[in-house]
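> next come a sequence and a model predicted from it.
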Amino acid sequence: MNKIELRVMAISRSVTQSSNYAVVLGELEGARRLPVIIGSAEAQAIAIAIEGMVGPRPMTHDLFKNTLETLQTELREIIISDLKEGIFFARLVLERNGEIIEVDSRTSDALALATRFDCPIYTYEDILESAGIVLEGETEEEMEAVANQEDAPEKEETLASYTVGELNSMLEDVLNEENYERAAQIRDEIKRRKES
């Protein structure tokens, strides 16, 4: 069965499940998108890895990565391998001393690890066919704008009233509290002001 490589295109709040998030995966060579609903902790873990943020202590996925590296085991790829009753299943494909080892995983955890190891994400044609959507004529910027449009005005209103010094202080506080979602919002506001 041929594997199709995907990449993380966007993360946004789930419209159908308010306490969850949707990670939108896109084909590297195609217009199909695969939305995967995940919990807020996993969404936060993926966003942190994508943004390259480092907290004062390792999060669970960082700990797992550190453990694999200590054991000289490489995460070669993740495969979203099955879809049953609306739930995605994934496998981690590991390599240690030339031996390939496959481990079952929740898809959200597999994605959080893939972003840390910078390894490929794959799925199969039948999964993309049954659960994928096609968004024609879309650019990556438009995709991200749609994914984040609900949150943008609120972020600007709440952070716009602070000085850059206050924002830097807040950023340090929320990183110490391990509130990485809020840290990303503050960092984006600081970056926006520097670019203005």
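Received it, and whenever you're ready, just let me know what you need.
> quick one, strands of the protein?
In the chain, the strands defined using DSSP state E lie at 3-13, 20-27, 32-39, 73-84, 87-96, 99-106, 121-124, 133-134.
> a markdown table please, covering those and showing mean neighbour count and distance to Gln185.
Yep, even glycine has a C-beta here, placed from its N, CA and C like the rest. Below are the strands of the chain laid out as a markdown table (neighbours: other CB atoms under 10 Å; distance: least, CB to CB, whole Å):
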| stretch | mean neighbour count | distance to Gln185 |
| --- | --- | --- |
| strand 3-13 | 18 | 13 |
| strand 20-27 | 20 | 15 |
| strand 32-39 | 20 | 19 |
| strand 73-84 | 18 | 28 |
| strand 87-96 | 17 | 28 |
| strand 99-106 | 12 | 26 |
| strand 121-124 | 22 | 26 |
| strand 133-134 | 11 | 28 |
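> now render the ones you listed as CSV, adding distance to Ser169.
Formatted as CSV, the strands of the chain follow (distance: least, CB to CB, whole Å):
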stretch, distance to Ser169
strand 3-13, 27
strand 20-27, 28
strand 32-39, 30
strand 73-84, 36
strand 87-96, 39
strand 99-106, 36
strand 121-124, 37
strand 133-134, 42
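> which of these sits closest to Arg187?
Closest approach to Arg187 among those (CB to CB): strand 3-13, 15.3 Å.
> roughly how far apart are Asp82 and Arg193?
46 Å (CB to CB, to the nearest Å).
> contacting residues around Ser108?
Listed by CB atoms under 8 Å, 6 or more residues apart in numbering, the contact set of Ser108 reads Val23, Val36, Ile38, Gly39, Glu42, Ala43, Ile46.
> what's the spacing between the residue nearest the centre of the chain and Tyr162?
Nearest to the geometric centre of the chain sits Ile46, at 3.3 Å (CA atoms, centre = their mean). In this view, Ile46 and Tyr162 are 27 Å apart by CB to CB.
> got the domain ranges for this protein?
Here the domain parsing of the chain from automatic domain parsing is 3-148, 151-196.
> check the offset of the shortest one from the chain's centre.
Taking CA atoms, centre = their mean, to the nearest Å, one finds the center of domain 151-196 at 20 Å from the center of the full chain.
> again, but for stretch 106-120
The answer for stretch 106-120 is 8 Å, by CA atoms, centre = their mean.
> may I see the buried residues of that stretch?
Across stretch 106-120, burial judged by 16 or more other CB atoms under 10 Å covers 107-117, 119-120.
> from those, pick the one nearest Arg187.
Taking CB to CB as the measure, Arg187 sits nearest to Thr115 out of the buried residues of stretch 106-120, at 17.1 Å.
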